[in-house]
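A.B. asks: structure for this input, please:
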Amino acid sequence: MTQKLKVFSWLLFDFANTAFSVMMVTFAFPLYFKNVICGGAPSGDAMWGVSVSVSMLFVAVISPVLGAASDYSGRRKRYLFFFTLLSVVATALLGFSAPGMAIAAALLFILANMGFEGGLVFYDAYLKEIASDKSIGRVSGYGFAMGYLGSLTILLLMMPLLSGGIVPENASNIRTGFMVTALFFAIFSLPLFIVLRDEKKRDGRAISMGLIVRSIKEVKHTVRHIMHYPDLARFLLAYFFYNDAILTIIAFSSIYAQNTLAFTTRELIVFFMLVQTTAIVGSVVFGFITDRIGPKRTIVFTLMIWFGVVLAAVFADSKELFFATGMLAGMAMGSSQAASRSMMAKLTPREHVAEFFGFYDGTFGKASAIVGPLVFGMVSAQADSQKAALSSLLVFFAIGLVLMLRVRSQSIPVSDPHSITGATRL
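C.D. replies: Predicted coordinates for the structure are as follows:
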């Protein structure tokens, strides 16, 4: 089995799961939940926010434990399969959601998003195995590019179904779209499970209560010694703040465009297609740039782009200007996410890659998805202005930039005297 085939199967998974993200988290389902299931009631916004926060909270809590269990047992692919199956099944069941089923739909979304976000812990951890240190930036960038290509593909597929608008009169077509999304996720994720293999590690046991307890102890051990990796700690903290702002922009982009600038459903589809297209370009181009100048400089540069994006969106008074701003945001989104994953891979000890990616994707990444929307909502409510709420995100980007400038971007060698493998084993 060639290395190229392994990389391609890994890339196809990004193609598959990002389709779920754009349809169920960013675009179609949030508007369907508010306008159709909740009948446009103001309580729909609150229930949607709670659903997102709860799903992220669960993943933030369990990801480090599952990551440690994966490192110990060597059954990474099995955990990834479980979370993927959970997301696919729950998404398909959302195809039966209807007006008045707010609680049931919220619970199904929580399960679907837990599956999607939880699986990323194990998926991202494969990056260190399939790419060399010199090619991590490119491969990571290709992954995000494939993801955005998947988003673009699903939007094209959904256009006939969503052309009638995300309104009660078009509910049947929208629900069919959710089932198509689940099928899309399932089909294009299959190559990874066929091609990639679990590593044989230690005793290779399946997950058990004893393994969970051991994993919890190992996570506690990691937390106690995380300061042995000061640059990793600074990066994770910086990532928490700037990713907080990025995830908030993603979560509220469709609502902001519709409520503030009166975008129609068709205009929103075109808008997100343009965003995905520029994100593909950003992921690929900045993947090469990352390998050339390093992930730290790339992240700093993209954070400066994000400052420009927020300021342009705040002062945008026309749909045309917002379209241009969205394209720039897509470029920054693809590049900053790809460079961040490369940075994490460079700073992570190979023997604890899944556990540390559990903190990266779980504790820090998912927790930031709780804080950001909460702050956005509070500022918007107090100021009665979504533009004021958007402006508040500049603080998060500023803090992330300051912390990022203090990170040294060298890789951690296996023989690092402060590595956890050099500490007392559990």
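A.B. asks: next SSE after the least confident helix or strand in the chain by mean pLDDT?
C.D. replies: Lowest on mean pLDDT, DSSP states H and E among the helices and strands of the chain sits helix 209-225, with a mean of 67. Later in the chain than helix 209-225, the nearest helix or strand by DSSP states H and E is helix 230-261.
A.B. asks: chain center to that next one, what's the gap?
C.D. replies: Relative to its chain's centre, helix 230-261 lies at 10 Å (C-alpha atoms, centre = their mean, to the nearest Å).
A.B. asks: now do stretch 169-187
C.D. replies: 21 Å.
A.B. asks: same deal with stretch 41-48?
C.D. replies: Worked out by C-alpha atoms, centre = their mean, stretch 41-48 lies 23 Å from the chain centre.
A.B. asks: then that stretch to CSV, C-alphas only?
C.D. replies: What follows is stretch 41-48, C-alpha atoms only, in CSV (Å, rounded to 0.1, in the frame of the first residue of the first chain):
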residue,chain,number,x,y,z
ALA,A,41,-39.8,32.1,17.6
PRO,A,42,-37.1,34.0,19.5
SER,A,43,-36.6,31.0,21.7
GLY,A,44,-35.2,29.2,18.7
ASP,A,45,-32.0,31.2,18.9
ALA,A,46,-31.5,30.3,22.5
MET,A,47,-32.1,26.6,21.9
TRP,A,48,-29.7,26.6,19.0
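A.B. asks: list the buried ones in that stretch?
C.D. replies: Neighbour counts over stretch 41-48 (16 or more other C-beta atoms under 10 Å) mark 44-45, 47-48 as buried. For glycine as for every other residue, the C-beta is placed from the backbone atoms N, C-alpha and C.
A.B. asks: same check, this time on stretch 156-167
C.D. replies: 157-158, 161-162, 165-166.
A.B. asks: helix, strand, or coil at Val407?
C.D. replies: Secondary structure, DSSP: H, G, I helix; E, B strand; the rest coil: Val407 is coil.
A.B. asks: mind listing what it touches?
C.D. replies: 231, 234-235, 238, 296, 343 (C-beta atoms under 8 Å, 6 or more residues apart in numbering).
A.B. asks: mind redoing it with 10 Å?
C.D. replies: 230-239, 295-296, 299-300, 343, 347 (C-beta atoms under 10 Å, 6 or more residues apart in numbering).
A.B. asks: what do you get for Met114?
C.D. replies: Met114 sits next to 54-59, 62, 83, 86-87, 90, 366 when contact means C-beta under 10 Å, 6+ apart.
A.B. asks: which SSE is the residue positioned nearest the centre of the chain in?
C.D. replies: Using C-alpha atoms, centre = their mean, the residue of the chain that lies closest to the mean C-alpha position is Glu117, 6.6 Å off. Here Glu117 is covered by helix 102-125, with elements defined by DSSP H and E.
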